[in-house]
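Asker: pasting the structure only:
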Ligand SMILES: NC(=O)c1ccc[n+]([C@@H]2O[C@H](COP(=O)([O-])OP(=O)(O)OC[C@H]3O[C@@H](n4cnc5c(N)ncnc54)[C@H](OP(=O)(O)O)[C@@H]3O)[C@@H](O)[C@H]2O)c1
């Protein structure tokens, strides 16, 4: 099987590369191979690469910057994926794509189910929702995996930002009224592997049963503040020297950002359990693994 994997320099793509090796030939396509900005080249590239399965974690993920670059966000997150999805549908190639809790407006307290109506608050969320809709419209066999608050020991993410700031500053102030599930890229990649393990035919059947959409996050929930506190405690427990003495809670209003974010980012995992038979680790356990990977690097690097 030839697996075309995009976004390999990113968090989820990077975590998938080693895990997919047992499934066949992995075509690790960075933007130099398949650039979602160059829409006219996409179909030709796919025809040349002839994948049997496409996994697309590539995305425009700069949530705040997207407010100033709506056309670019839409191109990378919706128009490019639309072409990929059309090619995949035409050639009966299954497509795995990724989306986000930011398609929701964050109202209420209950976890969002896949069938809930999406109302994004930001350009990024709108562009990701447009991508979902374009993939659905193309037909074919597809699975859109909605996840949330992605981080890893490597890359650009909240874990690394807090780890840096905790070494530089005495006090951190972090938003405490946005609730979600900080999901490591490793958990997402493990989930994809578990979905593919029964074989491509079984995977196709489950995609159809899931109506092409499933939530996949860690279990449990916390706020960005709760996540930051756990990171700081975890680094201390691993003997990383820190400057930070206090991690104080903020409200969303006290920390204005260009893009509005949902207060309630909880995603319901019932469909993941029922159709794919998967459970995911608690966020604290997933964090432990990433801290184990990150701490030696921090200990070895001066602030
Ligand atoms: N990060 C989160 O908190 C989060 C939350 C929920 C859902 N998601 C979704 O999960 C998926 C994976 O996210 P992630 O965190 O792994 O993202 P990431 O670390 O930001 O990586 C994004 C990847 O997309 C690539 N990319 C960007 N523009 C491209 C273009 N024009 N053509 C081809 N490739 C391009 C990047 O390549 P370069 O390195 O070359 O730019 C990078 O490899 C995405 O669909 C994202 O929307 C993410």
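Answerer: That came through, no problem. Keep in mind that this is a model prediction, so the values were computed, not measured.
Asker: From now on I want contacts and neighbour counts done on CA atoms only, so please keep to that.
Answerer: OK.
Asker: Any residues of the protein in contact with the ligand? List them.
Answerer: Contact residues (CA under 6 Å from any ligand atom) of the chain with the ligand: 7-13, 30-31, 34-37, 57-61, 76, 98-100, 147-150.
Asker: Among those residues, name the ones in strands.
Answerer: 98-100, 147, 150 (DSSP state E).
Asker: low pLDDT regions in the stretch 1-150 of the chain?
Answerer: Applying pLDDT under 70 to the stretch 1-150 of the chain flags no residue at all.
Asker: quick revisit: any of the residues of the chain next to the ligand buried? List them.
Answerer: The neighbour-count test (16 or more other CA atoms under 10 Å) marks 7-13, 30, 34-37, 57-60, 76, 98-100, 147-150 as buried among these.
Asker: residues in contact with residue 1?
Answerer: Residues near residue 1 by CA atoms under 8 Å, 6 or more residues apart in numbering: 23-25, 51-53.
Asker: How about residue 259, nearest residue that isn't a chain neighbour?
Answerer: residue 64 (5.0 Å; CA to CA, 6 or more residues apart in numbering).
Asker: what would the ones in strands among the residues of the chain next to the ligand look like in CSV with distance to residue 246?
Answerer: Listed next are those as CSV, based on distance: CA to CA, whole Å:
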residue, distance to residue 246
98, 35
99, 34
100, 31
147, 30
150, 24
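Asker: quick one: which of those is nearest residue 200?
Answerer: Comparing those against residue 200 with CA to CA places residue 98 closest, at 18.3 Å.
Asker: give me the number of residues near the closest residue to that closest one other than its chain neighbours?
Answerer: In space, and not counting its chain neighbours, residue 98 is closest to residue 145: 4.7 Å by CA to CA, 6+ apart. Residues contacting residue 145 under the criterion other CA atoms under 10 Å number 23.
Asker: go on, residue 33?
Answerer: Residue 33: 15 neighbours (other CA under 10 Å).
Asker: For it, list the residues it contacts.
Answerer: residue 45.
Asker: rerun that using 10 Å as the cut-off
Answerer: 6, 27, 41-42, 45-46, 49 (CA atoms under 10 Å, 6 or more residues apart in numbering).
Asker: Buried among those? Make that a PyMOL selection.
Answerer: Buried residues among those (16+ other CA under 10 Å), as a PyMOL selection:
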select buried, resi 6+27+42+46
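Asker: Looking at the contacts of residue 33, spot the one nearest the ligand.
Answerer: Lowest distance from the ligand to the contacts of residue 33 (CA to the nearest ligand atom) belongs to residue 6, with 6.4 Å.
Asker: Who does that closest one form a beta bridge with?
Answerer: Taking DSSP bridges, one finds residue 29 as the beta-bridge partners of residue 6.
Asker: The residue nearest to residue 98 contacts residue 195, correct?
Answerer: No - Residue 145 lies out of contact with residue 195 (CA atoms under 10 Å); the separation is 11.2 Å.
Asker: Spell out which residues are contacts of both of those two.
Answerer: By CA under 10 Å, 6+ apart, the residues touching both residue 145 and residue 195 are residue 272.
Asker: which SS state does residue 256 fall under?
Answerer: coil (DSSP: H, G, I helix; E, B strand; the rest coil).
Asker: Can you list phi and psi of it for me?
Answerer: For residue 256, the backbone dihedrals are phi -70, psi 140 (criterion: degrees, to the nearest 10).
Asker: Quick check: it vs the ligand, distance?
Answerer: Residue 256 sits 18 Å away from the ligand, going by CA to the nearest ligand atom, to the nearest Å.
Asker: Then residue 239?
Answerer: 27 Å.
Asker: number of nearby residues for that residue?
Answerer: 13.
Asker: now do the same end-to-end measure for stretch 4-17.
Answerer: 10 Å (CA to CA, to the nearest Å).
Asker: that older thread, list the residues that contact the residue nearest to residue 98.
Answerer: 57, 96-100, 114, 132, 188, 191-192, 212-217, 272.
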